[in-house]
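K.L.:
build me a model:
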Amino acid sequence: MNAGNQNTGQAASRQARMIDLLGTLAPSEGYTLSALDGVRFMRSNHSLPRTPVLYEPSIVVVCQGRKRGYVNDRIYTYDAQQFLVLSVPLPFESETMASPAEPMLAVAIRINLSVAAELALALDETQRHTLAVPVGICSTPLDGNLSDAVLRLLDALRSPLDARILGPSIVREIYFRVLTGEQGPALRAALTHHSQFGKIGKALRRIHADYHGDLDVDTLAAEAGMSVAAFHAHFKAVTMTSPIQYLKTTRLHKARLLMVQDGMSAATAAAHVGYESNSQFSREFKRFFGRTPASETAFMKNALMQSPASGAVQYVTAQ
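P.N.:
Residues are numbered from 1 along each chain as shown. This next block holds a predicted model:
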């Protein structure tokens, strides 16, 4: 067997093993928590149409099936050949292709920004010649080194002890593989805070921490050390939307989560995320999600996830 055929055979074997492990680790549709904080499994037995989602900074590896992300006129495919990386929390639309015979199976790894930034800085110290435009979202070919690390992570997550002892170091290796891969320079630029992108990243974290408060663009721009015009331009370059629309989208996603996960009424959730008018909240919610708050809550409650450790029922805002 020549090297090419051998590599192809190894890749197919790894993928088959990952599918087998995920089939066990993610027995139910929706999201399933893993034994390691920050790692969860995704499963869908049917295709799902485009729907608004809000992903935290994360690495998403799809082992079977296919997902597409839509950000304005850009399409990001993530499947068995491509993985998705988000370096900032980003709202977009997601579409899933799956069937009962071949369900969509994936693992989502939340990015610890402190750990990833530490690795990015260390890498840039040894690769100062590498310059790139930072990106907030990208889909990138899955190579053998990263695939092998993901397989070892899934294998470790079968055991709570292995997950606790081995899991963190494997996740760190996955960060390393991503940061040294094809999109590595752009992602490293996004994670360092010595650029305009870094300043926008700080503003995004402020929005997610204080979305229910009285935030405005002037305050966010001042904290970023930019003029309002420059802040608008750089913010849209990173998120592909305006600061006000991003804040509104974040509030609507948070309100949906509160209604589904915490059982809040629409009025209570609206007030909690910063809306003063219930009617305005209902109008904007329906315009964004395509359903009334009550209808969307009922729809989302069909996407239960079950924690393998505690058996506690939890909900997710999107898949």
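K.L.:
how far away is residue 85 from residue 61?
P.N.:
Distance, residue 85 to residue 61, by C-beta to C-beta, to the nearest Å: 10 Å. The way it works is simple: take the backbone N, C-alpha and C, and place the C-beta from them, glycine included.
K.L.:
residue 287: neighbour count?
P.N.:
A count of neighbours around residue 287, defined by other C-beta atoms under 10 Å, yields 9.
K.L.:
then residue 46?
P.N.:
12.
K.L.:
on the three-state scheme, it is what?
P.N.:
Put simply, residue 46 is coil when judged by DSSP: H, G, I helix; E, B strand; the rest coil.
K.L.:
please name the residues that touch it.
P.N.:
Counting by C-beta atoms under 8 Å, 6 or more residues apart in numbering, residue 46 touches 98, 99, 100.
K.L.:
and the first one, its phi and psi?
P.N.:
Backbone geometry at residue 98, expressed as degrees, to the nearest 10, gives phi -160, psi 170.
K.L.:
now do it against residue 111, distance only.
P.N.:
25 Å.
K.L.:
cool, and residue 240?
P.N.:
19 Å.
K.L.:
okay, the two: which has more neighbours?
P.N.:
Comparing residue 240 with residue 111 by other C-beta under 10 Å, the one with more neighbours is residue 111, at 23 against 18.
K.L.:
which residue packs closest to the more buried one, ignoring adjacent ones?
P.N.:
Spatially, and ignoring its direct neighbours in sequence, residue 111 is nearest to residue 57 (4.1 Å; C-beta to C-beta, 6 or more residues apart in numbering).
K.L.:
wait, doesn't that neighbour sit right on residue 86?
P.N.:
Yes. Under the criterion of C-beta atoms under 8 Å, residue 57 makes contact with residue 86 at 5.4 Å.
K.L.:
now the common contact residues for those two.
P.N.:
residue 111.
K.L.:
list of residues touching stretch 283-300?
P.N.:
By C-beta under 8 Å, 6+ apart, the surrounding residues in contact with stretch 283-300 are 51-52, 248-249, 252, 255-256, 259-260, 266, 269, 281-282, 315-317.
K.L.:
buried only: go through those for me.
P.N.:
Using 16 or more other C-beta atoms under 10 Å as the burial test, those include 52, 248-249, 252, 255-256, 259-260, 266, 269, 281-282, 315-317 as buried.
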